[in-house]
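Student: quick one, what's the 3D model for this:
(2 chains)
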Amino acid sequence: GENVEQHPSTLSVQEGDSAVIKCTYSDSASNYFPWYKQELGKRPQLIIDIRSNVGEKKDQRIAVTLNKTAKHFSLHITETQPEDSAVYFCAAAPYNNNDMRFGAGTRLTVKP
Amino acid sequence: NAGVTQTPKFQVLKTGQSMTLQCAQDMNHNSMYWYRQDPGMGLRLIYYSASEGTTDKGEVPNGYNVSRLNKREFSLRLESAAPSQTSVYFCASSSLAGAVNEQFFGPGTRLTVL
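Tutor: Numbering: from 1, shown residues only, chains lettered A, B, ... in the order given. Below is the predicted model of the structure:
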């Protein structure tokens, strides 16, 4: 089955700096790659997703890039704010298959 | 529109006891999922139901059973709880059976097995 690895496990940045979280996946059939944000004690919520026919997607301060050849994708957060502090999870799923696999998570801390 | 709801919020069981976690969604979604979340391990899929009347095993199905009662409801049953099943359990749903789309999560159930 699919295996998703996520790095780093923890990340600390100063407010205003950029943060980058990277994930690799193993199954070449995967073609849907979402990113979820989970605040302490809360449920995971989707922040951005990308499909395999697109190399990059942006939404305000958040962007995701995908390299299908190398089987890796990354989350980029620019101009970080303290409210960006949370655990971020990447995931991968093949088309027409609900068996989504998540990375282990990255705890992002933004210091004011 | 409540989204995805789960009951109970918290539960403490003794080893060997059984219980059922309930999940319901009011978004008319076809697909529903059960995950467990353990520290440092992310979310792991236990079972999913792509559509009403179907269920499939995920990554960690052992020790669990599920029932897709109708389109709205998807329950998870622990027949004989073990301490290794201490975890936070999340239910989720998504809209299309034929393609993967955003999953909406419930608030979670924190389960402790003594």
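
Student: any chance you could list what contacts stretch A:2-16?
Tutor: A:19, A:21-27, A:30, A:79-82, A:89-94, A:99, A:101-112, B:40, B:42 (Cβ atoms under 8 Å, 6 or more residues apart in numbering or on different chains). C-beta: built from backbone N, CA, C; applies to glycine.

Student: my error: substitute stretch B:68-85 in the last question.
Tutor: With Cβ under 8 Å, 6+ apart, stretch B:68-85 has contacts from B:13-26, B:28-30, B:32-34, B:36, B:46-47, B:49, B:52-55, B:63-67, B:89, B:91, B:93, B:111, B:113-114.

Student: just checking: which of those residues also lie near chain A?
Tutor: residue B:33 (Cβ under 8 Å from any Cβ of the partner chain).

Student: how far away is the spatially closest residue to residue B:49 that is not a sequence neighbour from residue B:51?
Tutor: Using Cβ to Cβ, 6 or more residues apart in numbering or on different chains and skipping the chain neighbours, the partner closest in space to residue B:49 is residue B:68 (4.3 Å). To residue B:51, residue B:68 is 8 Å away according to Cβ to Cβ, to the nearest Å.

Student: ok, the two, which is more surrounded?
Tutor: residue B:68 (20 against 16; other Cβ atoms under 10 Å in any protein chain shown).

Student: quick check: pLDDT value at that one.
Tutor: Note on residue B:68: pLDDT of 96.

Student: same question for the one 10 residues further on.
Tutor: At residue B:78 the predicted local confidence, pLDDT, stands at 97.

Student: residue B:42 now?
Tutor: pLDDT, read off for residue B:42, is 87.

Student: can you tell me the strand partners of the strand or helix carrying residue B:93 and which way each runs?
Tutor: Residue B:93 belongs to strand B:87-94 when elements are defined using DSSP states H and E. When pairing is defined by DSSP bridges, strand B:87-94 lines up against strand B:31-37 (antiparallel), strand B:104-105 (antiparallel), strand B:109-113 (antiparallel).

Student: turn these into TSV, columns for mean pLDDT and mean neighbour count.
Tutor: Shown next, in TSV, are the strands paired with strand B:87-94 (pLDDT from 0 to 100; neighbours: other Cβ atoms under 10 Å in any protein chain shown):
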stretch	mean pLDDT	mean neighbour count
strand B:31-37	95	26
strand B:104-105	95	20
strand B:109-113	97	18
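
Student: which regions of chain B sit below the pLDDT cut-off?
Tutor: Confidence mapping of chain B against pLDDT under 70 gives the ranges B:97-100.

Student: how about the strands in it?
Tutor: Using DSSP state E, the strands found in chain B span residues B:4-7, B:10-13, B:19-25, B:31-37, B:43-49, B:56-57, B:64-68, B:74-78, B:87-94, B:104-105, B:109-113.

Student: buried subset of the contacts of stretch A:2-16 as a ChimeraX selection?
Tutor: Of the contacts of stretch A:2-16, the buried ones go into a single ChimeraX selection, burial set by 16 or more other Cβ atoms under 10 Å in any protein chain shown:
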select /A:19,21,22,23,24,25,27,30,80,89,90,91,92,93,94,99,101,102,103,104,105,106,107,108,110 /B:42
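
Student: among the contacts of stretch A:2-16, which lie within strands?
Tutor: A:19, A:21-25, A:30, A:89-94, A:101-102, A:106-111.

Student: surely residue A:50 and residue A:23 touch.
Tutor: No. Residue A:50 lies out of contact with residue A:23 (Cβ atoms under 8 Å); the separation is 11.3 Å.
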